[in-house]
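**Student:** structure of the sequence below:
(one chain, ligands or ions: 1)
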Amino acid sequence: MHTKYIVVLGSLLSGLGKGVLTASILKILDLYDYRVMPLKFDGYLNYDCGTMNPYRHGEVFVLDDKSEVDMDFGIYERFLNKSLTKESSMTSGRIFTEIISKERKGDYLGSDVQIVPHLVDGIIEHIEDISRRRKLDIMVIEVGGTVGDLENGYFIEAMRQLALRHEVIFVNITYVPQLSAVGEQKTKPTQIAFRLLMQMGIKPDFIFCRSESRLLSNIKEKIALYTSTPISRIIDDSDDPNIYSLPERFMRDGFGEELLKALGDRRSINHGKLDSWRRRASAICSKRGKTLNIFIVGKYVELRDAYVSVKEALLHAAGYLGEEVVINWLESEKLEKGHEEDYLKSADGIVVPGGFGRRGSEGMIRAIKYARENGIPYLGLCLGMQMMAVEFARNVCKMRGANSTEFDKRTKYNVIDILPSQRGIDKKGGTMRLGSWKTRIDRVDSIIYDSYKRRWVSERHRHRYEFNNKFRKRMEKAGLVFSASDPSWKLVEAIEWTGGFGIGVQSHPELKSRLEEPAPLFLSFLRAASA
Ligand code: GLN
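**Tutor:** Numbers count the residues shown, from 1 in each chain. As a prediction, this is how the structure comes out:
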């Protein structure tokens with residue numbers, strides 16, 4: 001079959017969960033055994049997400065192939081249980097770079113290069129090229145930003161023109177507010193959103209309505225009437241504490257069948273896949289076992305999206321083990337005045353996630369010391385491993401002022417130092433040690449081997465600093481275990497405490513945790529927290 005397209009557009013405001021909706025549609029199609037792939041447009045002029053602040057933009061997600069992409073990619077991968085590539089990401093920065101370099105080559109000689117046709121044609125050709133090479137049944141395209149923004153206007157125009165050449169189904173997500181004073185769901189914003197989209201030449205085939213409580217049937221009717229859309233294609237997308245239950249919920253509401261109809265296809269669902277998904281999705285919210293109090297101690301905790309993969313990895317593992325996890329977000333700076341006990345005494349486990357910059361690092365070190373001295377299971381991810389090494393150097397090996405040179409250039413004990421390959425790099429974009437790297441597990445009597453039960457593992461990375469091997473012998477003698485390495489880079493990949501559960505890894509195992517395949521280290525961390 002020729003590739004068909006589903007385009008997801010968000011109206012009215014950001015934060016409606018367009019990424020989750022796109023991932024749910026991908027999952028539903030996957031359950032019907034379609035060959036699918038997501039494509040995400042992002043309207044910013046950055047070449048990729050790597051140079052953005054997680055505080056503003058949420059987590060920077062890293063793919064196997066070294067690309068630094070939008071956090072929505074994490075949602076797609078966690079739903080699809082597939083690793084994606086940079087082909088799925090298209091930013092304005094990248095598309096403009098391509099067009100301008102073509103112009104410089106003389107590809108458009110004689111013409112004035114314009115948004116229409118040149119840029120829009122460039123976008124469409126890109127899409128067609130991927131669909132052809134990947135032999136896709138369906139590509140699901142998420143247009144970043146909100147309809148009406150300046151930034152994504154040309155992407156939306158490209159989608160209108162895509163529909164002139166191919167079969168395209170438009171999915172619009174809108175917001176149905178419920179005013180507390182009147183207690184009534186209001187359809188006017190959706191009506192206005194619809195008109196704006198129509199002005200741009202696009203008539204949505206499906207309208208997903210976000211709301212706080214279930215969409216009332218008279219409200220559905222009203223929206224159907226005002227948008228000339230069959231009522232069966234107005235879909236309730238009201239709040240749900242468990243995002244993984246959404247694909248099934250949408251299908252229960254008839255969306256699967258309606259979508260097949262819109263695609264002009266008949267086929268039945270893959271029941272094996274559906275059962276496995278359903279089992280895992282329902283485990284996320286069912287409260288069976290213990291309640292585990294996990295503290296995430298970081299510097300970006302105010303914006304939860306900055307650590308979304310860590311949070312999801314904890315949920316996947318807890319669901320798998322049949323436990324409930326309560327995540328406590330703790331701003332590491334708060335610990336810098338001491339009183340760790342006051343904050344952490346109820347912790348069953350402590351995680352220090354990745355991060356950059358000095359702010360809050362001393363608080364992380366205090367949290368780690370507290371975990372080590374009180375036998376609280378500890379999991380350090382990237383910066384969390386580096387700070388674990390610094391804590392051990394200072395407090396066990398008595399290397400006063402030990403630090404990472406990221407935070408203290410002149411420390412005598414630079415137990416964490418810049419990667420040799422990073423010296424002399426002055427460009428910031430896409431230059432870290434990125435993507436998937438193979439790690440060799442050097443010791444079988446270790447937490448890491450117990451977790452993976454393999455000698456070689458592959459996890460994703462994103463860092464410029466590393467453990468300084470100069471201090472390895474001394475720290476090993478003092479009891480720190482070096483359990484895994486990257487032999488080709490001569491890099492320490494994992495350190496552990498003996499006695500008690502404490503492990504830090506240079507990688508980000510949270511990035512590969514999927515609902516159907518929880519990350520092994522998170523499983524063993526929660527097992528320890530539960531014990
Ligand atoms: N800032 C540290 C480094 O660059 C850690 C990075 C991270 O946690 N992703 O090495």
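
**Student:** quick one: name the residues of this protein near the ligand.
**Tutor:** Residues of the chain lying close to the ligand (C-beta under 6 Å from any ligand atom) are 354-356, 382-383, 386, 406, 462-465. (C-beta placed from N, C-alpha, C; glycine too.)

**Student:** what about the residues you listed, which are in helices?
**Tutor:** Of the residues of the chain next to the ligand, the ones assigned to helices by DSSP state H are 383, 386.

**Student:** what pLDDT does the residue of the chain positioned farthest from its centre get?
**Tutor:** Ranked by distance from the centre of the chain (C-alpha atoms, centre = their mean), the top residue is residue 110, with 43.5 Å. Reported pLDDT at residue 110 in the predicted model: 93.

**Student:** what does residue 51 give?
**Tutor:** pLDDT for residue 51: 81.

**Student:** which residues of the stretch 101-250 of the chain fall in helices?
**Tutor:** Counting by DSSP state H, counting those that start in this stretch, the stretch 101-250 of the chain has helices at residues 120-134, 153-165, 188-199, 217-227, 246-252.

**Student:** just put the ones you listed in TSV and tack on mean pLDDT and mean neighbour count.
**Tutor:** As requested, the helices of the stretch 101-250 of the chain are exported to TSV (pLDDT from 0 to 100; neighbours: other C-beta atoms under 10 Å):
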stretch	mean pLDDT	mean neighbour count
helix 120-134	96	16
helix 153-165	97	19
helix 188-199	97	17
helix 217-227	97	17
helix 246-252	97	19
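
**Student:** and the ones you listed: which comes nearest residue 67?
**Tutor:** Closest of the helices of the stretch 101-250 of the chain to residue 67 is helix 120-134, at 14.6 Å (criterion: C-beta to C-beta).

**Student:** can you give me the offset of the closest one from its chain's centre?
**Tutor:** What separates the centre of helix 120-134 from the centre of its chain is 25 Å, taken as C-alpha atoms, centre = their mean, to the nearest Å.

**Student:** that helix - contacts with which helices or strands?
**Tutor:** Judged by 3 or more C-beta pairs under 8 Å, 6 or more residues apart in numbering; DSSP states H and E, helix 120-134 is in contact with strand 36-42, helix 92-105, strand 138-143, helix 153-165.

**Student:** redo those as CSV? Include distance to residue 200.
**Tutor:** Below are those laid out as CSV (distance: least, C-beta to C-beta, whole Å):
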stretch, distance to residue 200
strand 36-42, 15
helix 92-105, 18
strand 138-143, 11
helix 153-165, 6
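
**Student:** and the residue nearest the centre of the chain?
**Tutor:** Central residue of the chain (C-alpha atoms, centre = their mean): residue 74, at 2.8 Å.

**Student:** what is the nearest residue to it once chain neighbours are set aside paired to in the beta sheet?
**Tutor:** Among residues not flanking residue 74 along the chain, residue 61 sits closest, at 4.7 Å (C-beta to C-beta, 6 or more residues apart in numbering). With DSSP bridges as the criterion, residue 61 is bridged to residue 69.

**Student:** count the residues that sit near residue 61.
**Tutor:** For residue 61, the neighbour count with other C-beta atoms under 10 Å is 25.

**Student:** please identify the helix or strand for residue 460.
**Tutor:** Assigned by DSSP states H and E, residue 460 belongs to strand 456-463.

**Student:** picking that back up, tabulate the helices of the stretch 101-250 of the chain (TSV), appending distance to residue 429.
**Tutor:** Formatted as TSV, these follow (distance: least, C-beta to C-beta, whole Å):
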stretch	distance to residue 429
helix 120-134	21
helix 153-165	22
helix 188-199	34
helix 217-227	42
helix 246-252	34
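
**Student:** nearest to residue 418, out of those?
**Tutor:** For residue 418, the closest of those is helix 120-134, at 36.6 Å, according to C-beta to C-beta.

**Student:** tell me where the stretch 301-450 of the chain has helices.
**Tutor:** Taking DSSP H, counting those that start in this stretch, the helices of the stretch 301-450 of the chain run over residues 308-321, 340-344, 361-374, 383-395, 447-452.

**Student:** take those and lay them out in JSON lines including mean neighbour count, distance to residue 28 and mean pLDDT.
**Tutor:** Listed next are the helices of the stretch 301-450 of the chain as JSON lines, based on neighbours: other C-beta atoms under 10 Å; distance: least, C-beta to C-beta, whole Å; pLDDT from 0 to 100:
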{"stretch": "helix 308-321", "mean neighbour count": "25", "distance to residue 28": "20", "mean pLDDT": "96"}
{"stretch": "helix 340-344", "mean neighbour count": "16", "distance to residue 28": "42", "mean pLDDT": "94"}
{"stretch": "helix 361-374", "mean neighbour count": "22", "distance to residue 28": "41", "mean pLDDT": "98"}
{"stretch": "helix 383-395", "mean neighbour count": "26", "distance to residue 28": "36", "mean pLDDT": "98"}
{"stretch": "helix 447-452", "mean neighbour count": "22", "distance to residue 28": "32", "mean pLDDT": "98"}
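
**Student:** which residues does the residue nearest to residue 194 when sequence neighbours are not counted contact?
**Tutor:** Spatial nearest neighbour of residue 194, excluding adjacent residues (C-beta to C-beta, 6+ apart): residue 227 at 4.5 Å. Going by C-beta atoms under 8 Å, 6 or more residues apart in numbering, residue 227 touches 190-191, 194, 204, 207, 234.

**Student:** swap in residue 441?
**Tutor:** 448-449, 452, 454-457, 483-484, 494.

**Student:** specify the beta-bridge partners of it.
**Tutor:** Applying DSSP bridges to residue 441 gives these bridge partners: residue 484.

**Student:** how about the strands in the stretch 201-350 of the chain?
**Tutor:** For the stretch 201-350 of the chain, applying DSSP state E, counting those that start in this stretch gives strands covering 206-210, 234-236, 291-298, 324-331, 349-352.

**Student:** which one, of those, ends up nearest to residue 412?
**Tutor:** Comparing the strands of the stretch 201-350 of the chain by their distance to residue 412 (C-beta to C-beta), the top pick is strand 349-352, with 23.8 Å.

**Student:** quick one: the helices of the stretch 301-450 of the chain as TSV, columns for distance to residue 158 too.
**Tutor:** Shown next, in TSV, are the helices of the stretch 301-450 of the chain (distance: least, C-beta to C-beta, whole Å):
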stretch	distance to residue 158
helix 308-321	29
helix 340-344	50
helix 361-374	44
helix 383-395	39
helix 447-452	43
